[in-house]
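Q: only the shape, not the letters, is given here:
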């Protein structure tokens, strides 16, 4: 799973990177109280449910379209590309590679939604991050997805 963590880090840097211009755009930060998305009861989250939550978040908080964290910006277009990989996986020759590609696509989105929610005081975004975590945790494959995903997110500062 170390390779998956390394690839996920690369994916985080590559997914809709905003570059220096976007990174220098600053807005006031409103940090919400520490809320852990990595603990609590397991949830069953379907992709259509998750999709509705994300669409609602982007509709109600249009500032998310210009939010940048770690040089990453998710426009609706880049978000949808990454969500497709999170849902279906990338071309892979083994079940493990397919599972890795799905988890690697979901992790940066979880990080993004968590940070937007915490920094902008948008609880709905933290909930999207939590639901995306549980969606990704349920990805079926040759290994349980939750432990390495939780480890990776903790290393990225998600609590």
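A: Thanks, I have it. What you are looking at is a predicted structure, and each value in this text was computed from that prediction instead of being measured.
Q: tell me the contacts of residue 86?
A: 102, 105-106, 109, 132, 135-136 (C-beta atoms under 8 Å, 6 or more residues apart in numbering). Any C-beta I mention is one placed from the backbone N, CA and C, and that applies to glycine too.
Q: that one looks like it's in a strand, true?
A: No: according to DSSP: H, G, I helix; E, B strand; the rest coil, residue 86 belongs to no strand; its state is helix.
Q: where does the prediction get shaky in this structure?
A: For the chain, residues meeting the criterion pLDDT under 70 lie at 1-35.
Q: ok, which stretches of it are strands?
A: 68-69, 72-73 (DSSP state E).
Q: just give me the closest of the contacts of residue 86 to residue 143.
A: Minimum distance to residue 143 across the contacts of residue 86 is 12.0 Å, recorded for residue 102 (C-beta to C-beta).
Q: could you report the neighbour count for the closest residue to residue 111 other than its chain neighbours?
A: With C-beta to C-beta, 6 or more residues apart in numbering as the criterion, residue 111 has its nearest non-adjacent residue at 5.2 Å, and that residue is residue 156. Residue 156 has 19 neighbouring residues, counting by other C-beta atoms under 10 Å.
Q: top helix in this structure by residue count?
A: What stands out as the longest helix in the chain, according to DSSP state H, is helix 95-120.
Q: and the helices in this protein?
A: 2-14, 19-24, 47-60, 76-88, 95-120, 123-137, 146-155.
Q: of all those helices, which lies closest to residue 36?
A: Using C-beta to C-beta, the helices of the chain put helix 123-137 closest to residue 36, at 9.1 Å.
Q: contacts for the closest one next, please.
A: Against helix 123-137 from outside (C-beta under 8 Å, 6+ apart): 32, 35, 37-38, 40, 42-47, 49-50, 53-54, 56-57, 60-61, 64, 86, 102-103, 106-107, 109-114, 116-118, 145-146, 149, 153, 158.
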